[in-house]
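# This is a predicted model, with the sequence first.
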Amino acid sequence: MTKYIFVTGGVMSGLGKGITAAGIGANLKAAGYNVGILKCDPYLNYDAGTLNPSEHGEVFVTKDGAETDLDLGHYERFLNIELEQSSSLMSGRILSQVIQDERKGKYLGKTVQVIPHVTNKIQDEIIKSAQGYQIMIVEIGGTIGDIEGLAFVEAIRQMRRRVGQNNVAYIHLVYLPYLEASQEIKTKPAQNSLKVLQSYGIKPDLVCARSDHQIPASSLEKLSIFADLDQEYIIPLPTLDNVYKVPSYLSQFSITKILSDILNLNQSQADFSDWEDLIDKINNATKPIKVAIVAKYLDNQDTYASIVEALKSAGWQLGSKIEIVWVDSEDLDHLKSRLKGSQAILVPGGFGSRGIEGKIIASQYARENLIPYLGICLGMQTAIIELSRNQLGLDQANSAEFDSSSSDQVIHLMDQQHHVTEKGGTMRLGDYPAILDPDSLTYQLYQNLNVTERHRHRYEVNNQYKNKLEAVGVRFSGLSPDKKLVEFIELDQDIHPFFVATQAHPEFRSRPMNPHPLFLGLISSALASEARPNTLSRHK
Ligand code: GLN
């Protein structure tokens with residue numbers, strides 16, 4: 001019988017509910033339980049694929065090609081698992097299934113209603129996604145009180161009766177603001193949120209209280225009264241200096257014991273040695289390395305969450321503290337001065353022509369100044385455009401995405417994309433294999449000829465230009481098994497110490513305890529750059 005832990009949030013969004021859910025999951029996993037995790041997003045989208053990253057942050061892609069909320073990235077990194085579509089449930093998906101059922105006549109003439117039809121569908125999906133797990137953590141996105149969230153909250157309320165009293169635990173995460181004028185932590189918004197939750201028929205079993213300040217015992221006492229819980233069930237969660245400290249921080253509050261008691265589980269001894277090793281590495285990573293990320297969605301740095309985590313993890317592994325230099329790819333006047341002084345340059349994924357020239361210049365700057373470069377998806381395409389313009393003399397070289405009239409479309413639509421009219425869920429998505437060139441740096445990094453990475457793109461390298469590019473030092477270091485798609489490129493090491501790019505998104509498979517080889521390669525090369533004799537010829 002699967003046990004369910006439902007995590008809701010109150011007061012406001014952005015509290016780190018996903019990190020908390022993942023941290024709790026990591027505790028249960030460390031105690032030997034088989035833990036699954038699901039994010040329910042009440043907004044009406046079908047998936048996260050068409051969401052604006054400035055508003056919603058990164059679109060995380062699973063191995064089976066689901067375009068999901070970035071919390072799935074936290075879950076994968078904290079639990080060291082690979083999730084699938086079944087770990088992401090958005091209202092649009094539920095509602096479209098209900099409508100399809102209605103069209104098929106499955107409701108036998110009944111009036112189709114939020115309760116029971118939508119709420120049952122939500123419960124069915126939750127139960128389906130929990131198959132095979134001892135414990136299923138279900139995070140409900142948004143804030144208690146949101147209109148969109150009501151059906152989800154009602155569905156999880158009903159779950160306790162559906163699957164049994166001792167098989168469900170409710171955790172509510174609240175925020176305690178700090179008033180500078182009176183220098184005190186306030187609990188009123190949290191009290192209100194607990195009242196709203198209770199008015200929906202959910203009495204939390206555990207309350208986590210987030211705050212940017214130390215939380216006094218008196219505040220915890222107040223929360224215990226309003227939540228109607230003993231104080232040991234009120235967990236203070238001050239902001240920690242690193243999210244990977246959350247699992248061991250939570251363990252100090254016997255979170256596994258508390259949840260095992262509520263859920264009638266036999267508690268086993270937790271093994272936290274991996275987390276402790278990681279924290280040691282984090283604390284000892286001191287050598288600063290500046291990495292420029294040349295990006296355009298700078299109003300929300302969550303857009304690049306997995307890339308930032310992959311960079312930092314590679315840094316910790318190598319004893320280095322990564323300092324991200326955010327470079328606005330639209331600010332061409334200051335671009336080069338921002339890039340100056342960075343020991344590595346990364347051009348991440350992106351869509352549309354805005355900011356593209358800045359990214360192309362950044363690829364060129366990294367190449368000409370022998371700065372370690374990692375191009376991710378769009379960052380590989382900008383490298384190809386740059387090399388075509390500046391090394392092959394094709395002034396008009398561009399991607400068909402940015403200039404459909406260009407005479408040299410060195411990046412063009414993939415064959416299977418020509419007839420696509422609907423934007424949602426139609427890119428080349430999820431895991432695809434590639435075969436590496438055994439003589440390449442890419443192979444040296446992976447130490448494997450057959451690699452699989454996640455993808456999210458419509459455009460690809462135009463194979464007609466490959467020979468010419470090879471002649472100026474480009475190595476097509478990884479191709480799809482049918483050799484039709486370029487998956488990895490690099491510059492020969494006699495012209496650049498580390499210039500590697502991929503059509504894939506390796507950041508999604510990087511783990512804090514097992515950083516991705518391409519990111520390790522980038523940071524190692526940056527660390528070595530000071531020691532490296534400057535024997536490479538500049539290739540202009
Ligand atoms: N816009 C490019 C494409 O669709 C790159 C996509 C990306 O960077 N994820 O191919």
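Sure, I can see it.
# Kindly export the helix or strand bottoming out on mean pLDDT in the chain (C-alpha atoms) in CSV.
When each helix and strand of the chain is scored by mean pLDDT, DSSP states H and E, helix 53-56 comes last, with a mean of 80. This file holds the C-alpha atoms of helix 53-56, laid out as CSV (Å, rounded to 0.1, in the frame of the first residue of the first chain):
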residue,chain,number,x,y,z
PRO,A,53,10.6,31.3,-18.9
SER,A,54,10.7,34.9,-17.6
GLU,A,55,7.5,34.2,-15.7
HIS,A,56,7.9,30.6,-14.8
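# next structured bit after that helix?
Proceeding N to C from helix 53-56, the next assigned helix or strand is strand 60-61, under DSSP states H and E.
# if I pick the nearest residue to residue 117 once chain neighbours are set aside, what's in contact with it?
Leaving aside its sequence neighbours, residue 117 sits nearest to residue 98 (CB to CB, 6 or more residues apart in numbering; 5.6 Å). Heads up, the C-betas are built off the backbone N, CA and C, glycines and all. If you count contacts by CB atoms under 8 Å, 6 or more residues apart in numbering, residue 98 has them with 112, 117-118, 121.
# doesn't residue 349 make contact with residue 376?
Yes: counting by CB atoms under 8 Å, residue 349 is a contact partner of residue 376 at 5.5 Å.
# Please identify every residue contacting each of the two.
Common neighbours of residue 376 and residue 349 (CB under 8 Å, 6+ apart) are residue 505.
# mind listing what's buried in stretch 191-201?
Within stretch 191-201, the residues that count as buried by 16 or more other CB atoms under 10 Å are 191-194, 197-198.
# And for stretch 164-180?
167-177.
# What of stretch 139-154?
Neighbour-count burial for stretch 139-154 [16+ other CB under 10 Å]: 139-146, 149-154.
# want to throw these into JSON lines with pLDDT and secondary structure?
Converted to JSON lines, these look like this (pLDDT from 0 to 100; DSSP: H, G, I helix; E, B strand; the rest coil):
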{"residue": "139", "pLDDT": "97", "secondary structure": "strand"}
{"residue": "140", "pLDDT": "97", "secondary structure": "strand"}
{"residue": "141", "pLDDT": "95", "secondary structure": "coil"}
{"residue": "142", "pLDDT": "94", "secondary structure": "coil"}
{"residue": "143", "pLDDT": "96", "secondary structure": "coil"}
{"residue": "144", "pLDDT": "96", "secondary structure": "coil"}
{"residue": "145", "pLDDT": "93", "secondary structure": "coil"}
{"residue": "146", "pLDDT": "94", "secondary structure": "coil"}
{"residue": "149", "pLDDT": "95", "secondary structure": "coil"}
{"residue": "150", "pLDDT": "96", "secondary structure": "helix"}
{"residue": "151", "pLDDT": "97", "secondary structure": "helix"}
{"residue": "152", "pLDDT": "98", "secondary structure": "helix"}
{"residue": "153", "pLDDT": "98", "secondary structure": "helix"}
{"residue": "154", "pLDDT": "98", "secondary structure": "helix"}
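# nearest to residue 298, of those residues?
Within the buried residues of stretch 139-154, distances to residue 298 taken as CB to CB reach their minimum at residue 141, with 23.9 Å.
# For the residue most central in space within the chain, give its distance to the ligand.
Most central in the chain under CA atoms, centre = their mean is residue 73, positioned 3.4 Å from the mean C-alpha point. Per CB to the nearest ligand atom, to the nearest Å, residue 73 is found 15 Å from the ligand.
# ok, now residue 197?
Counting by CB to the nearest ligand atom - residue 197 and the ligand are separated by 38 Å.
# Is that residue in a helix, a strand, or coil?
helix (DSSP: H, G, I helix; E, B strand; the rest coil).
# what sits against it?
Neighbouring residues of residue 197 by CB under 8 Å, 6+ apart: 8, 10, 144, 153, 172, 203-204.
# Tell me where this protein is predicted with low confidence.
530-540 (pLDDT under 70).
# hmm, back to that, next, format the buried residues of stretch 191-201 as JSON lines and append distance to residue 361.
JSON lines is the format used below for these (distance: CB to CB, whole Å):
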{"residue": "191", "distance to residue 361": "53"}
{"residue": "192", "distance to residue 361": "51"}
{"residue": "193", "distance to residue 361": "48"}
{"residue": "194", "distance to residue 361": "52"}
{"residue": "197", "distance to residue 361": "51"}
{"residue": "198", "distance to residue 361": "56"}
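# With respect to residue 227, which of these is nearest?
Proximity of the buried residues of stretch 191-201 to residue 227 (CB to CB) peaks at residue 194, which lies at 5.2 Å.
# contacting residues for residue 107?
101, 117.
# Could you check how far it is from residue 126?
20 Å (CB to CB, to the nearest Å).
# Report the buried residues of stretch 42-56.
42-43, 45-49, 51, 53, 56.
# Could you tell me which of those residues belong to helices?
53, 56 (DSSP state H).
# so which of the buried residues of stretch 42-56 are also by the ligand?
Among the buried residues of stretch 42-56, no residue sits close to the ligand (CB under 6 Å from any ligand atom).
# among the buried residues of stretch 42-56, which two are most distant?
The distance between the two most remote of those (CB to CB) is 19.6 Å, for 42 and 53.
# re the thing from before, ok, the contacts of residue 98 vs the ligand, which is closest?
Distance to the ligand across the contacts of residue 98 (CB to the nearest ligand atom) is lowest for residue 121, with 31.6 Å.
# what's the helix or strand harbouring that closest one in contact with?
Using DSSP H and E, the element containing residue 121 is helix 119-129. Applying CB under 8 Å, 6+ apart, the contact partners of helix 119-129 are 2, 4, 36, 38, 40, 86-87, 89, 93-94, 97-98, 101, 136, 138, 151-152, 154-156, 158-159, 162-163.
# Which ones among those lie within helices?
Per DSSP H, the contacts of helix 119-129 map to helices at 93-94, 97-98, 101, 151-152, 154-156, 158-159, 162-163.
# for the ligand, what are the nearby residues on the stretch 301-450 of the chain?
So the stretch 301-450 of the chain meets the ligand at 349-351, 377-378, 401 (CB under 6 Å from any ligand atom).
# hang on, isn't residue 434 packed against residue 489?
No: counting by CB under 8 Å, residue 489 is not a contact partner of residue 434; they are 11.4 Å apart.
# What does the closest residue in space to residue 184 that isn't next to it in sequence show for phi and psi?
Among residues not flanking residue 184 along the chain, residue 178 sits closest, at 7.3 Å (CB to CB, 6+ apart). When read as degrees, to the nearest 10, the backbone of residue 178 gives phi -110, psi 130.
# can you pull the contacts of residue 178?
Taking CB under 8 Å, 6+ apart as the test, what residue 178 contacts is 184-186, 211-213.
# Type out the ChimeraX command that picks the buried ones from the residues you listed.
Buried members of these, defined by 16+ other CB under 10 Å, are picked up in ChimeraX with:
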select :185,186,211
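# how about the helices of the stretch 401-540 of the chain, start to end?
Remark: helices assigned in the stretch 401-540 of the chain by DSSP state H, counting those that start in this stretch are 441-446, 466-471, 517-528.
# can you pull the buried residues of the second one?
Residues of helix 466-471 classed as buried: 466, 468-469 (neighbour count, 16+ other CB under 10 Å).
# From the contact counts, what lies against it?
With contacts taken as 3 or more CB pairs under 8 Å, 6 or more residues apart in numbering; DSSP states H and E, helix 466-471 sits against helix 378-390, strand 474-479.
# Find the one among these with the highest mean neighbour count.
Among those, helix 378-390 has the highest mean neighbour count (mean count of other CB atoms under 10 Å), at a mean of 25.
# got a list of contacts for it?
Contacts for helix 378-390 (CB under 8 Å, 6+ apart): 346-351, 356, 359-364, 367, 373, 375, 394-395, 397-399, 408, 410-411, 457, 459, 461, 465, 468-469, 472, 474, 486, 488-489, 499, 501-503, 540.
# That one vs strand 474-479, what angle?
Angle, helix 378-390 to strand 474-479, by axes from the mean of the first three to the mean of the last three CA atoms, to 10 degrees: 150 degrees.
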